[in-house]
Every structure is written in structure tokens, then in C-alpha cells.
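Undergrad: Pasted the sequence and its predicted model underneath.
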Amino acid sequence: MSDDRILEFGTAKAKPGEKGTGYIKVGELSDGSPVNMPVIILNGKNPGTKLLLMALEDGDEYPGSLGGLDACNNILPDMLKEMNGSVVFLPAVMIDSFRGNPYGGGNRNSSLDIDQGARPSRPGNPYGKYGAQLGYKVDQVDKEYDPDAIIKFHGCKQMYGIDVIWCWSAPPGSAHDNFWRAGVIDPDRMLILGHDAADRARRGLPPLPDRPLSMNLESNGGEGGIGNGFSGDTMRDSLLNVMRHLKMIPGEEIKSKDIKYVNYIGDLGPEGKIHSAGINTTRGGFFTSMVDIMDEVKEGQTIGLIKNFFGEVVEEIKSPLDGFCKSYYCESPHIGSGQWRVFALAKVIEVR
């Protein structure tokens, strides 16, 4: 970035008060044709917070990308002359996964790594597999832009449930906590899902830095609970409220009360410890949830059933703990053993 605040990434370029769009080349196919990742730049007229947005790190998690695109294409461009700071948006990080098949519909993981390599690794490797090379290109954007705040959008199409902000716990009233709270515009539809400081230490991670502020926004279900649908409205509105909180755009920040802070809790592993990957089945068949989203569950309670073609119950899924149902499987009426988690359970830490 030059002294006159011109922002340029790939073929996208924007002066202060302008919007720029283009592509960043992240790889090549075997015929030499490029793999191009889209990028949108919104450069406010005035200096201020630098916000980096990323979506579709999983190629089938659409809501955040759609919500971000709505904001960046239809709302924020009209505010550029009074906007403080800038936004750089990568709306399809895993562009090859997003492409999916020629009839439409993305894949979750990359098809360009032999090992179907999930999300791009960071900081990546310019000489590694495709996923590592892509991760390196994304990391270069991050380093060059040097953002003050980062929002990553997700939206698990396999699960239906309440929307969440994934984050690490921080003291009430801290910059991080206020940043996360700004993302909650409807406490009845969104939780803050935070790991505690001790968990961060166990994972070998340092304490939260002063900057960048960061959060993952995740939408867990579309209208009627059919996958994650095509609605990114919640993600869009959360993004705009966060930008009001950061004093990037005009308007009064929505400050929600009675926000639930929860711990994500999963199944019991073979060693008897609680895992965070969710509850899987050991049998295949037709899945039925016996509880609704946010219903309380008790240890030992039957919360789901797996039935075979003859209507026989082949597995009763029981809750391993006291808590509530955060989300359940919805991608299709049937599921194989261990194919995907059928429940994600959580416990409320506090409400404030």
C-alpha cells in the first residue's frame, strides 16, 4: 500500500473513496489455465480501521459469502465518501471447491489436492501442494494489508441450528469482547461460542493479541432448516453492525443484551473425555432428531434415532452430558456411520 492510500491486490485497485474488483491468481490447472480468486476492495474516503473479510474457506458454506457480497456490492459502495478505513473481501477463498461440479453446487474441500486437502494451510508454502500454495497467497494478502480486524464467514450446510460467533473468551468490556458482541444483532438467533484462556494455553497458543481483532461468523441453517440455504442476511447485518462498532460507517451500533456465552461440547471419546467434534453415529440409516434447537438435554437422554429400511431402530443416540442442542444433521434424511456429526451440544457459561 502506498502513502496515498491506494489499495491494490491482484488486478483489483481502489483509490480513497473508490471500489475496486478483480482477481488474484492462486494457481494453474494442468493445461496452464489460471485459477483466479476474486477480490473486492472498498477504500473509504477517510483513514480508519482496515477490515479483512474472508468467506468460503470451505467451498460449500455459502451464507457468509452471500451476506458479504450483498454488503460490499449493494450497501457499502454508497457509503464510500463517508466511510472511515477500508475493506478487503476475499469472497471465495477456496475458489476451486466453490466451483464444485459443472451443474452447480460446491464441494467442501479442494479437488486440486490429491488428499482432498480441506482449507488452505497458513502461512502456506509457495512450493507445496495446491492447498499450501493457495494458503501462501492468502497469507500474503493478510501480511501486505496488515488488517486491524478480521472476519471469517462460515455456514455448515450439513447442520441446522443456531448461528454462532466462534472466538476465544476475553474479559467483559475488552476490545475483543466488544468486537464479538457487535456481531450479535439478535440474541435469540446467535450465540457466542468461546474457548476459555486455559483451553487456548493447552493448544499451545499465545494470549490474544491486541490486534487484529478477529471472529468467525457461522450460519447453521437456512429457511426451514434445509442445509444453509441461500440467505446471507444474518451475516450481512452482523458485518454492518461490526463496522458501526468500529466507527467505519455511520449509524448507531445495535447493542444486544442477554447474549449467551457457551462452550461447544461433543461426544465421549474411548478414553472417557469429552471431545469437541460432535456426536457421530455407529450405524447407517435414516436419521431423526428427537429434540429441537436450543432444547435442554440430560445425560443419558435419547436425542436421536437411526432406523433401517424396515423401520427398525438400529441405534439410539444418547446425550453424553447435561446441556442443550446447538445443531443437528440436516443435509439428507439418511447418513452413514461416522459420515458426519449428527448433533453438536453445548453448555451455557454465562448470559450477559
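TA: That came through fine. Numbering: from 1, shown residues only.
Undergrad: Mean confidence (pLDDT) on whichever strand or helix holds Tyr264, please.
TA: Per DSSP states H and E, Tyr264 falls inside strand 260-265. For strand 260-265, mean pLDDT rounds to 84.
Undergrad: Quick one: list the elements packing against it.
TA: Counting contacts by 3 or more C-beta pairs under 8 Å, 6 or more residues apart in numbering; DSSP states H and E, strand 260-265 packs against strand 190-195, strand 323-329, strand 343-351. Placement of C-beta: from N, CA and C, glycine included.
Undergrad: Kindly recompute the last result at 7 Å.
TA: Judged by 3 or more C-beta pairs under 7 Å, 6 or more residues apart in numbering; DSSP states H and E, strand 260-265 is in contact with strand 190-195, strand 343-351.
Undergrad: quick one, that strand and strand 323-329 angle?
TA: Counting by axes from the mean of the first three to the mean of the last three C-alpha atoms, to 10 degrees, strand 260-265 points 70 degrees away from the direction of strand 323-329.
Undergrad: Now whatever helix or strand Gly48 lives in: buried residues?
TA: In the assignment (DSSP H and E), Gly48 maps to strand 46-55. Residues of strand 46-55 classed as buried: 48-55 (neighbour count, 16 or more other C-beta atoms under 10 Å).
Undergrad: ok, back up a step: any chance of the helices and strands packed on strand 260-265 in CSV, with mean pLDDT, mean neighbour count and distance to Arg122 too?
TA: Formatted as CSV, the helices and strands packed on strand 260-265 follow (pLDDT from 0 to 100; neighbours: other C-beta atoms under 10 Å; distance: least, C-beta to C-beta, whole Å):
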stretch, mean pLDDT, mean neighbour count, distance to Arg122
strand 190-195, 84, 22, 19
strand 343-351, 90, 18, 25
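Undergrad: Would you reformat those strands as a markdown table and include distance to Lys247?
TA: Shown next, in a markdown table, are the helices and strands packed on strand 260-265 (distance: least, C-beta to C-beta, whole Å):
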| stretch | distance to Lys247 |
| --- | --- |
| strand 190-195 | 22 |
| strand 343-351 | 27 |
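Undergrad: Among those, which comes closest to Lys15?
TA: Closest to Lys15 of the helices and strands packed on strand 260-265 is strand 190-195 (C-beta to C-beta; 35.9 Å).
Undergrad: can you list contacts of that closest one?
TA: 162-169, 180, 184, 259-262, 264 (C-beta atoms under 7 Å, 6 or more residues apart in numbering).
Undergrad: residue contacts, Ile95?
TA: 35, 37.
Undergrad: Against Leu42, how distant is it?
TA: 20 Å (C-beta to C-beta, to the nearest Å).
Undergrad: now do Leu205
TA: 31 Å.
Undergrad: Looking at those two, which is more packed in?
TA: Neighbours around Leu205 and Leu42, counted as other C-beta atoms under 10 Å, are more numerous at Leu42. The numbers are 27 against 12.
Undergrad: is it true that the more buried one touches Ser86?
TA: Yes. Using C-beta atoms under 7 Å, Leu42 is in contact with Ser86, at 6.3 Å.
Undergrad: relative orientation of the helix or strand containing Val35 and strand 46-55 in degrees?
TA: Per DSSP H and E, Val35 falls inside strand 34-43. Using the same axes, to 10 degrees, the inter-axis angle of strand 34-43 relative to strand 46-55 is 150 degrees.
Undergrad: Parallel or antiparallel, which strands does strand 34-43 pair with?
TA: Applying DSSP bridges, strand 34-43 is found paired with strand 18-28 (antiparallel), strand 84-90 (antiparallel).
Undergrad: Name the residues of it that come out as buried.
TA: Within strand 34-43, the residues scored as buried using 16+ other C-beta under 10 Å are 35-43.
Undergrad: Now that we have these, can you turn them into a markdown table and tack on distance to Val351 and pLDDT?
TA: Below are these laid out as a markdown table (distance: C-beta to C-beta, whole Å; pLDDT from 0 to 100):
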| residue | distance to Val351 | pLDDT |
| --- | --- | --- |
| Val35 | 45 | 91 |
| Asn36 | 45 | 95 |
| Met37 | 40 | 96 |
| Pro38 | 39 | 98 |
| Val39 | 39 | 98 |
| Ile40 | 36 | 98 |
| Ile41 | 39 | 98 |
| Leu42 | 35 | 98 |
| Asn43 | 39 | 98 |
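Undergrad: Need the max-distance pair from those.
TA: Largest separation among the buried residues of strand 34-43 by C-beta to C-beta: Val35 and Asn43, giving 25.9 Å.
Undergrad: ok, back up a step: minimum distance to Asp78: which of the helices and strands packed on strand 260-265 has it?
TA: Proximity to Asp78 (C-beta to C-beta) singles out strand 190-195 among these, at 26.5 Å.
Undergrad: Report the strands that pair with that closest one, each with its relative direction.
TA: Strand 190-195 has the following sheet partners, assigned by DSSP bridges: strand 163-168 (parallel), strand 260-265 (parallel).
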